[in-house]
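K.L.:
give me coordinates for this.
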Amino acid sequence: MDGQVFMTGDQIAGAQAANYENPTTGERSFIVELTMTDEGSQIFYDVTSANVGNILPIVYDEEVI
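P.N.:
Sure thing, here's the model as predicted:
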């Protein structure tokens, strides 16, 4: 949340709308499935592994999603 950028759209190979059903509650929601490049996958792994329990926002068109 400090404004540091870890990834950009250059590390995203594709994005697609999808539905997700929670196996516990049966609740459905809309999601975006991202396919990352090899570089993006490694960055995502490194950043999320180092920040377990922390909030890492996704920013799209300057808006936190």
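
K.L.:
which residue ranges form the strands in the chain?
P.N.:
Using DSSP state E, the strands found in the chain span residues 12-21, 28-36, 59-60, 63-64.

K.L.:
closest to Thr48 out of the ones you listed?
P.N.:
Between Thr48 and those, the shortest gap by C-beta to C-beta is with strand 28-36, which sits at 11.9 Å. For the C-beta atoms, the positions are set from N, CA and C on the backbone; glycine is no exception.

K.L.:
before we move on, the earlier item: and Gln42, which of the strands of the chain is closest to it?
P.N.:
Distance to Gln42, taken as C-beta to C-beta, is lowest for strand 28-36 among the strands of the chain, at 8.8 Å.

K.L.:
which strands or helices does that closest one pack on?
P.N.:
Judged by 3 or more C-beta pairs under 8 Å, 6 or more residues apart in numbering; DSSP states H and E, strand 28-36 is in contact with strand 12-21.

K.L.:
okay, angle between the strand it packs on and strand 28-36 too, please.
P.N.:
Relative orientation of strand 12-21 versus strand 28-36 (axes from the mean of the first three to the mean of the last three C-alpha atoms, to 10 degrees): 160 degrees.

K.L.:
now do the contacts for the residue nearest the centre of the chain.
P.N.:
In the chain, the centroid-proximal residue (C-alpha atoms, centre = their mean) is Ile58; its distance is 6.3 Å. Ile58 makes contacts with 64-65, as judged by C-beta atoms under 8 Å, 6 or more residues apart in numbering.

K.L.:
show me the shaky parts of this structure.
P.N.:
The chain contains residues with pLDDT under 70 at 1.

K.L.:
can you pull the contacts of the closest residue to Ile43 other than its chain neighbours?
P.N.:
Distances taken as C-beta to C-beta, 6 or more residues apart in numbering place Met7 nearest to Ile43, at 5.3 Å, with adjacent residues excluded. By C-beta under 8 Å, 6+ apart, Met7 lies in contact with 40, 43-44, 47.

K.L.:
same list (these) but as JSON lines, adding distance to Glu63 and neighbour count.
P.N.:
Compiled in JSON lines, those are given as follows (distance: C-beta to C-beta, whole Å; neighbours: other C-beta atoms under 10 Å):
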{"residue": "Gly40", "distance to Glu63": "20", "neighbour count": "19"}
{"residue": "Ile43", "distance to Glu63": "21", "neighbour count": "16"}
{"residue": "Phe44", "distance to Glu63": "20", "neighbour count": "17"}
{"residue": "Val47", "distance to Glu63": "20", "neighbour count": "14"}
